[in-house]
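Asker: next one to model:
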Amino acid sequence: MKEFDPNWTTISEKHHLVPNTYLKGWQHKDSYVYYIDKNENNIDFANPDQSKNTRKIVRTSNFYSRRVGALFQSKLDCDKYFAPLRLHGYKVKIDGLEVSDSIRLNNSFLDEFDLWSVYDTNDNLISEDEKQSLKEEIKSIHIRDLEEAWNQIFENTWFDVRNDILTEVNKNKKVNKIPAVRREELVGFMVSMEWRTEPAQPILKNMFNELIRLLGIEEFLNDPIPEEKKMYPFINTYGENYLHNILLSMYHQLFNKKGPIYEEIQYILNNMNLELFVPEIGCEFITTDNPVCRFQNDRDQTEYLFPISPDLACAVRKGSPVDKNHYFLNTLSKDEVFAYNEQLKKDCNKGYILGQPSKKPYFK
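Answerer: This next block holds a predicted model:
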């Protein structure tokens with residue numbers, strides 16, 4: 001995995017929870033797919049609105065940005081938030097004492113900024129208009145190192161990873177094992193995307209629920225956040241805010257090769273076999289806004305399925321011995337493909353994605 005640089009940044013404000021380069025695997029023309037609401041039964045493929053540009057779906061503005069007041073922070077982050085103080089030569093006093101530590105300033109910004117006394121280079125209090133201008137200047141700073149890290153480490157290589165795997169499959173369709181090309185990149189992309197999408201990944205959800213149980217703050221977390229204290233327009237309660245900040249901290253750990261996301265990737269690489277599914281001719285896999293699907297099968301076993309393209313899906317399997325050098329390759333019948341597609345549809349957050357203007361290749 002490429003080394004993380006904390007100075008990485010991007011001007012992009014639109015963050016795709018499911019990457020554009022992944023969704024293009026289902027495109028029926030340049031960057032367009034059929035995006036279907038999970039509750040929609042009567043699908044009119046002739047309706048132009050049914051076809052969506054991959055750049056405009058499954059995305060949220062500044063989802064992986066950090067702003068002043070963030071619970072997850074570093075000294076480097078906080079120094080960036082309060083660079084305007086240095087730029088203008090301002091100093092801050094709280095309760096009559098000068099405070100220059102950027103972490104302390106960050107922790108008090110949302111609740112106490114109006115109580116700050118801000119002085120210019122001549123030790124004069126700045127005006128209220130100047131103070132409010134300073135507040136907006138600080139709030140406008142976004143740190144987007146995590147989004148750029150995702151781009152450089154995972155998203156930008158996915159097109160080649162997918163194509164290399166498909167090429168190897170197409171060369172070896174008559175065997176049951178093929179070389180495990182790009183295995184580490186496949187697992188890294190798959191696992192990190194499951195944590196990135198909604199609803200919250202099961203490990204994250206369980207960790208969060210245990211934390212709030214230990215702290216005894218369940219009722220507080222349902223309280224709405226006042227508009228003036230919101231860091232993200234898509235977050236409405238304190239619980240959602242805590243969960244999102246925990247997710248950001250886990251991504252920061254991942255890019256520094258530690259933490260639960262990184263550990264899950266390493267566990268799969270070292271302890272699990274990867275099985276690739278090729279659909280019977282005439283049918284295809286769907287994908288969704290939550291592409292990595294965990295579910296309990298008829299034998300009450302947990303299955304883990306990830307569509308790589310309409311013509312290929314990946315399952316993570318327990319096996320002994322673990323074969324790190326090969327993918328196991330199997331062709332699925334139409335009924336098996338349809339069953340998996342139903343499970344993917346059931347597990348999606350808001351919608352699923354087709355590459356053809358018909359349900360026939362995907363569902364009974």
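Asker: and residue 240, that's in a strand?
Answerer: No: read with DSSP: H, G, I helix; E, B strand; the rest coil, residue 240 is helix and lies in no strand.
Asker: and the gap between it and residue 107?
Answerer: Distance, residue 240 to residue 107, using C-beta to C-beta, to the nearest Å: 20 Å. Where you see a C-beta, it was placed from the backbone N, CA and C, and this is true even at glycine.
Asker: equivalent analysis for residue 206, please.
Answerer: 28 Å.
Asker: pick out whichever of the two has more residues nearby.
Answerer: It is residue 107, of residue 206 and residue 107, that has more neighbours when counted by other C-beta atoms under 10 Å, with 15 against 11.
Asker: now the spatially most distant residue from the centre of the chain: phi and psi?
Answerer: Within the chain, the residue lying farthest from the chain centre (C-alpha atoms, centre = their mean) is residue 122, at 46.7 Å. When read as degrees, to the nearest 10, the backbone of residue 122 gives phi -100, psi 10.
Asker: now residue 117
Answerer: The phi/psi pair for residue 117 (degrees, to the nearest 10) is phi -110, psi 120.
Asker: what does residue 289 give?
Answerer: Per degrees, to the nearest 10, the backbone of residue 289 is at phi -80, psi 0.
Asker: so it makes contact with residue 345?
Answerer: No: proximity of residue 289 to residue 345 does not meet the contact threshold set by C-beta atoms under 8 Å, at 11.0 Å.
Asker: any common contacting residues for these two?
Answerer: Residues touching both residue 289 and residue 345 by C-beta atoms under 8 Å, 6 or more residues apart in numbering: residue 352.
Asker: from the contact counts, what lies against the helix or strand harbouring residue 340?
Answerer: Element membership of residue 340 [criterion: DSSP states H and E] is helix 334-347. Judged by 3 or more C-beta pairs under 8 Å, 6 or more residues apart in numbering; DSSP states H and E, helix 334-347 is in contact with strand 272-279, strand 287-288, strand 293-296, strand 302-309.
Asker: quick check on the most centrally placed residue in the chain: phi, psi?
Answerer: Geometric centre of the chain, nearest residue: residue 196, 1.9 Å, by C-alpha atoms, centre = their mean. Dihedral angles of residue 196 (phi, psi; degrees, to the nearest 10) stand at phi -80, psi -30.
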